[in-house]
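Asker: Sequence first, then the predicted structure:
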Amino acid sequence: MSKTSGKAAFGTSALAAALLASVMALSPATARAQVLEAAVDASPAGLDPHLITAFTSFQIVNGTIYEGLTTIDKDLRIVPGLAQGWTIAPDGKTYTFKLVPGATFHDGSPVEAADVVASINRVLSKDIASPLASRLAAVDKATATDASTVTIAMKEASAPFLTALASIAIVPRVFETNKDGLQRQPVGTGPFRFKEWQPNGFIELSKHAGYWNKAQPKLDGIKFNIIPESATRQVGLSSGQYAMLPNIDAATALQLRGRPGVKLAETMELAYTLVGMNTSKAPFDNPKVREALNYALNRGEIVQAALFGAGVPGGPLSPALKDWAVNTSSFPCFTPSAAKAQDLLKEAGVTTPVAVTLLVLPRQDIRDIAQVVQAQLNKAGFKAELRIPELGQFVQDWRNSNFDAFVSTNAGSVDPDDYFFRTFRTGGSTNVFKYSNPAVDALLDSARVDLNQAGRKAAYDRVQSLLACDGPAAFMTYGQLFTASRQNVNGFDIIANRSLMSLANTTLAR
Amino acid sequence: MSATVQTAPVRRSVSGLVTVSALAVVILCLLALLAPLIAPYDPLAQSVLARLKGPSAAHWLGTDQFGRDLLSRILHGMRASLGIAAGAVGVALLVGGTLGLVAAYYRGWTERIVMRLMDVIFAFPVMLLAIGIIAMLGPGSGPTAIAIAVVYTPIFARLLRGPALVITNSDYVAGAKAIGASDARIIFSHVLPNLASVILVQTSLLLSAAILVEASLSFLGLGTQPPTPSLGMMLSEGRNVLLLSPWAAVFSGIAILIIAFALNLLGDVLRDALDPRLK
Amino acid sequence: MRFLRTRLFDLVLVMIGVSILTFLMIRLIPGDAVAIMLGANTEVTADRVAELRGRLGLDQPIWVQYLSWIGGVLGGDLGVSIWTRRPVLDEIIGHVWPTLQLTVLALAIGAGLAVPLGVLMARLRGRGWDVGLQIGSVMGLTIPSFWLGIMLILALTVLAPEWQVLGYVPFSQDPVGNIQRLILPAFALALPILANLARLVRSAMLDALQQDYIRSARARGASETSILFKHALRNALIPFVTSVGIMTGYLLGGAIVVEQVFAIPGLGRLILGAIAERNYPLVQATILVVTFTFVMVNFAVDLLYALIDPRVRT
């Protein structure tokens, strides 16, 4: 199998951009610099795209300052990024990428194949210790064929590879062995360049004049103000001091709905909430107890109480992934029944009420959900206690599987392999449940190297049904994700993976 | 008119305030203590259909975002907040007071070491040290109480050392020593009773401050953790839905204000009433 | 001189104690920098964790860590931030101005208004006003500052939506915008100080008015105004100055909460963020610097007090 893709899609977006540009040209010339004032809740720890792990950092840099060879568009499909197109060898073991012409880094140097190779090597380097390394685990070697062509040889075929590449930012080759240089002074290829960072104050980006897509960006800059208090952010948007609150939760969005001058965009999130169970110790080592917990949960009620109705019950994959997700109506345990839960506990032979401690991620929406979960479990034969530690402690306990069960959120991913494999396969790097199911392992292993969409779909359908009711995680809800902005903000598309790349297309009307 | 002229109505109004504030404190404490008996609902019982409702006949103060009864939660919250404050201030009084008395009584190196140790703790701004201690112990009502206790310990040590010094040096303690009374006996039967009024005043003022520290820590997400209601935690939860339904934030805020106010006023008027110079 | 020497000696002792406590407080926190540094969604081998721990010096005995840290501090090197690899000193300097400005402004508001208010309260003692003012001042003491902050912000959106109140701009860039943004948080922070100091002024004034020299001044036929301002107020200023030192501590602590509400990038935000991400060098240095400032302010107040009141020099 050999295919060339992307050119067509690229053509359409270029056309759309050109159209928009002409519309822009008709509007009166803008006298003042157009800087979008956005407000976000947390200060990023750093801005190195290969080292950061937090959403709060990702959303600020990915798609704005940095780009990968591929991009995930607003429908979660893979489209060309810095690579204008690519070919894949029939055995899936060689990829050839053609770089987009005219791309430059923010420091003015041209983007060449050697930079791409250096970036991939940087992510894979033990010394840099990038958390993204596992996404490139299948890569054998990247080589620059000529200045604008990169060839990547794979150890084995990898179905999720193109998706993974979207998250691998291309940085100048001089940073290949420089571990600290990008944390404070990011240099990328994206539509916006880094301008100033006042820690805990703001991060300001300005227009990258040499951006390869000449129609973008439309703004002169973006200022991400760091505002920890939700009430303060809301007031700032209502008063017009801020023009956008990107990626906010339902509680915040509902309070802004209907305010004069404010509009809301929404989409289904990729991230989901879950109760994760430790399958290596009692009581959740018993599948029947896990199933009982699933029956005890009333997901509809959780959506109502904790997400203010803005969300849906969901299974192992987000309903936003229309190509992959299995409808939850096929999972019997998604019909809540406290009685059935009690019966299952009886069958499991455990003494009721089953005392469990829930480790809770210290984030407001998760705290809310945990309180509802606790009330529901206590009505169905459990005696649940909440433990809400400080974030660092949570991460450590979570990582060390130091819990009976935990309530948290998982980012999910565009390609099922990415997160299924590391989360549910035996020995997976974030398989903190210590779950081991040979049937699941076999399916995941085969789907990973299967380049046939129908075959993969069948395997992942099976995985979903294996995980749904007595798997290590009780999948609960997928929330609506919102972005609130002033009425005069146009051209912004909210994307389920929280990317803010459409800021490149955003304009501010007078 | 001279400010030194004391008219009868003034003293009556001050002693009236003592009665009023003392009565208010007693009533609030009773409400908190009896919360499990008098609360109309289980403070943890959720009812999704009845969430974020304003005051009504069924729910006098309305409901929160999980449909929990706010009146019941505030009563239980007062219990938790007062419990934390009382526990913390009690421990601080016991430990700090003992250290202060010991320092004053023995003087010399004992005094120096004890007071320098107190100085070290006292050198930290209150919130900063409390946050540090909670960071160490993890958030929760226990660590909050411990943090507040540690922070207030030097206050009692310093408070009691000064007057205790004066009393220890006084003739009648010297007399007691002369007739062979033991150290402990002198401290407990001669020194301590003379400090009762100072202790009473400071305790009620610090109780009031502790309620506020608990609220601040909860606001930062470090204090009492859900689902157990404390007033600070309720206020902190309520602020997230302030514009959807202000009731949780408003009523828990008012409850904090009333308790802190009553305790502070009590300490304040007690100080005036007990201060011999102002009589 | 002997007094000064003893005080200086004590000061050094306290600072050593503070540094040990600060150091221990962070190291005794359950959880470790490496685990948190690597975040929730990473794949790490035990090798890498160990290597990172070595790089951060966390594999050495705790007293060695302390000595090398305090040695650096004395040499002017506060360490390097774990994440950004920037000198901690730079991070602190980057955050110190908003907090300094906020506390000074709050102190100015609190102290500035407290004197007239306290005098008024003392003056009005014995009238119906007295009880009202006393209740009012207790009210000021017991309103949580974060609550007041949120209420002020909300009120302002309704009353003056055009007023930009959030965030911070340096004074050098935009003096008007700077004051405009700081005045509300400073007020929220100052209210308890104002109430406290006003009460202090009031009782010190009343106290002073009982003294013999006031009586004799009065007997000599000095006017009430002269007695009030010349004699009584001057006497009241001694405890006033003393407690301003203590107030600084409340302000530095209170600023943590108020900065959070008003989104001011000061030391409070720096500390909360650094604790959450276990940035050891940053947390230690910031707490040390803030506490050192507080200690020095109190030391200065102590000296001032001793200067005014010779009885203290024992």
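Answerer: Perfect, thanks for sending it.
Asker: tell me which parts of the stretch 1-150 of chain A are close to chain C?
Answerer: A:43, A:45-46, A:53-54, A:126, A:129, A:131, A:133-134 (CB under 8 Å from any CB of the partner chain). For glycine as for every other residue, the C-beta is placed from the backbone atoms N, C-alpha and C.
Asker: For those residues, work out which two are farthest apart.
Answerer: Using CB to CB, these reach their maximum pairwise distance at A:Ser43 and A:Lys126, which is 28.8 Å.
Asker: Compare neighbour counts for these two and give me the winner.
Answerer: A count of neighbours by other CB atoms under 10 Å in any protein chain shown puts A:Ser43 above the other of A:Ser43 and A:Lys126, at 26 against 11.
Asker: Which residues of the stretch 201-314 of chain C lie near chain B?
Answerer: So the stretch 201-314 of chain C meets chain B at C:203, C:205-207, C:209-210, C:215, C:218, C:224, C:249-254, C:256-257, C:260, C:271-272, C:275, C:287, C:290-291, C:294-295, C:298 (CB under 8 Å from any CB).
Asker: Could you identify the buried members of those residues?
Answerer: The neighbour count (16 or more other CB atoms under 10 Å in any protein chain shown) marks C:203, C:205-207, C:209, C:218, C:249-254, C:256-257, C:260, C:271-272, C:275, C:287, C:290-291, C:294-295, C:298 as buried among those.
Asker: From the residues you listed, which land in helices?
Answerer: Using DSSP state H, the subset of these located in helices is C:203, C:205-207, C:209, C:218, C:249-254, C:256-257, C:260, C:271-272, C:275, C:287, C:290-291, C:294-295, C:298.
Asker: Of these, which ones also sit close to chain A?
Answerer: C:260, C:275.
Asker: what are the phi and psi values for the residue of the stretch 1-150 of chain A found nearest chain B?
Answerer: Ranked by CB to the nearest CB, the top residue of the stretch 1-150 of chain A for proximity to chain B is A:Asp41, at 12.1 Å. Main-chain dihedrals, A:Asp41, degrees, to the nearest 10: phi -90, psi -30.
Asker: Can you give me the neighbour number for it?
Answerer: For A:Asp41, the neighbour count with other CB under 10 Å is 18.
Asker: Now do the contacts for it.
Answerer: Contact analysis of A:Asp41 by CB atoms under 8 Å, 6 or more residues apart in numbering or on different chains lists A:56, A:226-228, A:230, A:233.
Asker: Which of those residues fall within strands?
Answerer: Secondary structure defined by DSSP state E assigns A:Ile226 of the contacts of A:Asp41 to strands.
Asker: Now do residue 249, the pLDDT please.
Answerer: Assuming you mean chain A. The score at A:Asp249 is 85. That number is its pLDDT.
Asker: not what I meant, chain C
Answerer: pLDDT for C:Gly249: 80.
Asker: so it makes contact with B:Val126?
Answerer: Yes. Between C:Gly249 and B:Val126 there is a contact under CB atoms under 8 Å: 6.6 Å.
Asker: what sits in contact with each of these two?
Answerer: Counting by CB under 8 Å, 6+ apart, C:Gly249 and B:Val126 have no shared contacts at all.
Asker: from the middle of its chain, how far away would whichever strand or helix holds A:Ala164 be?
Answerer: In the assignment (DSSP states H and E), A:Ala164 maps to helix A:161-166. When C-alpha coordinates are averaged (CA atoms, centre = their mean, to the nearest Å), helix A:161-166 and its chain have centres 13 Å apart.
Asker: who does it touch, helix- and strand-wise?
Answerer: strand A:70-72, strand A:78-80 (3 or more CB pairs under 8 Å, 6 or more residues apart in numbering or on different chains; DSSP states H and E).
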